[in-house]
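Undergrad: Okay, sequence plus prediction incoming.
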Amino acid sequence: MLRDITIGQYYPADSVIHKLDPRVKLFGTLIYVISLFCIKGVVGFVVATFFMAGMIALSKVPFKFMVKGLKPIMILMLITALFNLFLTPGDVLVSFWVLEITKEGVQNAVLMTIRLIYLILGTSVMTLTTTPNQLTDGLEKSLRPLNKIKVPVHAIAMMMSIALRFIPILIEETDKIMKAQMARGADFENGNMLKRIKNMIPLLVPLFVSAFRRADDLAMAMEARCYSGGAGRTKMKPLTYVKRDYIAYAVIIVYLLLSLLCGRI
Amino acid sequence: MSIIVDKVNYVYSAGTAYEIKALDDINLKIEDGEFIGIIGHTGSGKSTLIQHLNGLIKATSGSIYFHGQDIYDKKFDLRELRNRVGLVFQYPEHQLFETTIFDDVCFGPMNQGLDKNEAGLRAFEALRQVGIPEDLFYQSPFDLSGGQKRRVAIAGVLAMKPEVLILDEPTAGLDPGGRDEILDLITRMHRERGMTVILVSHSMEDVAKYVNRIIVMNQGRVMFDDVPKEVFKHYKELEAVGLAAPQVTYLMHELRDRGLNVDTDITTIAEARAAIMKAVLGGKH
Ligand SMILES: Nc1ncnc2c1ncn2[C@@H]1O[C@H](COP(=O)(O)OP(=O)(O)OP(=O)(O)O)[C@@H](O)[C@H]1O
Ligand SMILES: [Mg+2]
């Protein structure tokens, strides 16, 4: 039931993209997102399409999984497109009642829809090929300079990775408790709002109890292994760039230049 | 005829990269009043199988019939099924939530539509059966020891008076005394109330001592399904899949190898004692 919700759904495969340093992927995704919002013309989108298609092909993740990420934002896309379609001022193409569709409106709607789709597809290349742990590692190392201005980068990264680690565990736990209470006749589906909220108590109480117990256990386990924050801590798998990472950086820079050059046409 | 499992397959996370085939073509017939033990290595699909029996998990393919009715039929009332097939989960203590033990045990009967008085009576009876002393009834379930919580959770299902009682490793993590008490309680329920009992267990000794039929699961399939004596004859095959026969069975084989003329199909200590006495005394006379 609940397990079907996947957050940060990593797809294991053996590909160049999977092996890239997470910092490269973070940087690449950032550049790609920025470029999407700079591009205005057809040629620009052709460049972006080729770049993205190349990445997807290299990542060896079935296209089906990429598209899955699009479903939840379908509604958002539709609303954005409609707003753009009807609310952009310009040359009127058709009008009925108080609504007018303008040439600029059509352009904007198409542009925004394509941008949103590309945005989701592009970022899911990153989330599908990078484990949450690698991602936080990459973030931690990329943001390390912020330590100088007293931002607790390590603590934030640690909290992030623990939170990410706990999401699937809590989902699993919810699933289990829900089933156990359903076996005792609990009903989570029927009834009015108030009744349904009340029916959640048999689920929420054990869930919180177990979350606190787990947090406690984890804190104890970390302390037992002498965890004392980031100072002087080394990594088991330190992030180091290898040749393919430099090549990837070069590809990203070339893409950036290309999209800036052709973006307007 | 009570429960029929017909060609059931189940796949977890179907359609993702993490597909796991948890059940593979399961066919079973569970009669009224049976006492069945399900054993199998970790991850062999025991928990998955029993959750099918009260409709908590819907089979990917195949059907399940309860008293001749298809439980996947649109008109079939699954809540009614769950009233009649009680399931005690692995680590049931994690489901306690009420402010008092008594209220927690009342949860099931109240969901069945009983009024407060009747539910209270059921709770009272069930708590007494599992051996919780009365002065604990109005305490918070969170203050109990692990073993006591387990008993309260079992009482929570017993209070619903199911026809079929399924327990998923009810004795995991209990001390030997607590384990025997729980198993004796279950046996009593089976004998006195004629309840059908399905017991998932890792302990061959428990299973051999109490049940009349053993289902051995291996990698999502039923490997053996027979009376304990017959199943434990295959102890070599059981070992190959990470299981074993009861200790006494090995002892009997050893004795026979050393020249004592005993029956090697023995699975419980009581039987072993009788057989050894017979062999030793019988040999002299
Ligand atoms: N909720 C779930 N989501 C995905 N896979 C699962 C889930 N529950 C179990 N599995 C997988 O299904 C298979 C069977 O699991 P199941 O829990 O039925 O085994 P089990 O025989 O009860 O094991 P144990 O003795 O450890 O309790 C295992 O491979 C397990 O990893
Ligand atoms: Mg299990």
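TA: Thanks, I have it. Ligands and ions are numbered 1, 2, ... in the order given.
Undergrad: For A:Pro22, see how far away A:Gly138 is.
TA: Going from A:Gly138 to A:Pro22 by C-beta to C-beta, to the nearest Å gives 3 Å. Quick note: C-beta positions are derived from backbone N, CA and C, even for glycine.
Undergrad: which neighbours do these two share?
TA: Counting by C-beta atoms under 8 Å, 6 or more residues apart in numbering or on different chains, the common neighbours of A:Gly138 and A:Pro22 are A:Thr130, A:Leu239.
Undergrad: Could you list the low-confidence segments of chain A?
TA: Within chain A, the stretches with pLDDT under 70 are A:1-8, A:264-265.
Undergrad: Any chance you could note which residues of it sit beside chain B?
TA: For chain A, the residues found near chain B under the criterion C-beta under 8 Å from any C-beta of the partner chain are A:3-4, A:6, A:9, A:11-12, A:65, A:173, A:176-177, A:179-187, A:201-202, A:205-206, A:209-210.
Undergrad: residue contacts, A:Glu100?
TA: For A:Glu100, the contact set (C-beta under 8 Å, 6+ apart) comprises A:Phe86, A:Val92, A:Val94.
Undergrad: redo that, cut-off 6 Å
TA: For A:Glu100, the contact set (C-beta atoms under 6 Å, 6 or more residues apart in numbering or on different chains) comprises A:Val92.
Undergrad: what about it, which SS state?
TA: strand (DSSP: H, G, I helix; E, B strand; the rest coil).
Undergrad: Kindly report the same for A:Leu36.
TA: helix.
Undergrad: For burial, what's the neighbour tally of it?
TA: Residues near A:Leu36, counting by other C-beta atoms under 10 Å in any protein chain shown, number 20.
Undergrad: Find the nearest non-adjacent residue to the residue of the stretch 51-200 of chain B found nearest ligand 1, please.
TA: Per C-beta to the nearest ligand atom, B:Gln90 is where the stretch 51-200 of chain B lies closest to ligand 1, at 5.9 Å. Leaving aside its sequence neighbours, B:Gln90 sits nearest to B:Asp168 (C-beta to C-beta, 6 or more residues apart in numbering or on different chains; 4.2 Å).
Undergrad: Repeat that for B:Gly194.
TA: Spatial nearest neighbour of B:Gly194, excluding adjacent residues (C-beta to C-beta, 6+ apart): B:Gly33 at 5.3 Å.
Undergrad: That neighbour and B:Arg193 touch, don't they?
TA: No - using C-beta atoms under 6 Å, B:Gly33 is not in contact with B:Arg193; the gap is 9.8 Å.
Undergrad: residues contacting the most centrally placed residue in chain B?
TA: Nearest to the mean C-alpha position of chain B, by C-alpha atoms, centre = their mean, lies B:Leu199 at 1.2 Å. Neighbour list for B:Leu199: B:Gly37, B:Leu167 [criterion: C-beta under 6 Å, 6+ apart].
Undergrad: Report how many residues lie close to the residue in the stretch 101-250 of chain A that chain B sits nearest to.
TA: Closest residue of the stretch 101-250 of chain A to chain B, C-beta to the nearest C-beta: A:Gly185 (3.0 Å). Residues near A:Gly185, counting by other C-beta under 10 Å, number 19.
Undergrad: Am I right that it is in a helix?
TA: No - assignment of A:Gly185 by three-state DSSP gives coil, placing it outside any helix.
Undergrad: Who are the contact partners of it?
TA: A:Gly185 neighbours (C-beta under 6 Å, 6+ apart): B:Gly108, B:Asn111, B:Gln112.
Undergrad: Surely the last one touches B:Arg84?
TA: No - the pair B:Gln112 and B:Arg84 fails to qualify as a contact (C-beta under 6 Å) at a distance of 10.1 Å.
Undergrad: coming back round to it: what does the model give the residue nearest to the centre of chain B for pLDDT?
TA: We have a pLDDT of 94 for B:Leu199.
Undergrad: what do you get for B:Tyr72?
TA: At B:Tyr72, the pLDDT value in this model is 93.
Undergrad: Kindly provide the distance from B:Arg256 to B:Phe232.
TA: Here the criterion is C-beta to C-beta. By it, B:Arg256 lies 15 Å from B:Phe232.
Undergrad: neighbour count winner among those two?
TA: Ranked by neighbour count (other C-beta under 10 Å), B:Arg256 and B:Phe232 place B:Phe232 first, with 27 against 14.
Undergrad: show me the contacts for that one.
TA: So B:Phe232 contacts B:Ala245, B:Thr249, B:Thr267 (C-beta under 6 Å, 6+ apart).
Undergrad: Kindly report the same for A:Val24.
TA: A:Asp245, A:Ala248.
Undergrad: Could you point out the helix or strand that follows the strand or helix carrying it?
TA: Take DSSP states H and E as the rule and A:Val24 turns out to sit in helix A:22-38. Next along the chain after helix A:22-38, taking DSSP H and E as the criterion, comes helix A:42-59.
Undergrad: where along the stretch 51-200 of chain A do the helices fall?
TA: Assigned by DSSP state H, counting those that start in this stretch, the helices in the stretch 51-200 of chain A fall at A:63-68, A:74-87, A:103-129, A:132-142, A:153-183, A:193-199.
Undergrad: can you check the stretch 1-150 of chain B too?
TA: Here the stretch 1-150 of chain B has its helices, by DSSP H, counting those that start in this stretch, at B:46-53, B:78-84, B:101-111, B:116-129, B:146-158.
Undergrad: tell me which residues in the helix holding A:Val24 are buried?
TA: Within helix A:22-38, the residues scored as buried using 16 or more other C-beta atoms under 10 Å in any protein chain shown are A:Pro22, A:Arg23, A:Val24, A:Lys25, A:Leu26, A:Phe27, A:Gly28, A:Thr29, A:Ile31, A:Tyr32, A:Ser35, A:Leu36.
Undergrad: Reformat the contacts of B:Phe232 as TSV; add distance to A:Val98.
TA: Listed next are the contacts of B:Phe232 as TSV, based on distance: C-beta to C-beta, whole Å:
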residue	distance to A:Val98
B:Ala245	82
B:Thr249	86
B:Thr267	84
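Undergrad: between those residues, which is nearest B:Asn117?
TA: Of all the contacts of B:Phe232, B:Thr267 has the smallest distance to B:Asn117: 45.4 Å, by C-beta to C-beta.
Undergrad: how about the residue nearest to B:Gly194, phi and psi?
TA: Note on B:Gly33: backbone dihedrals following degrees, to the nearest 10 are phi 80, psi 10.
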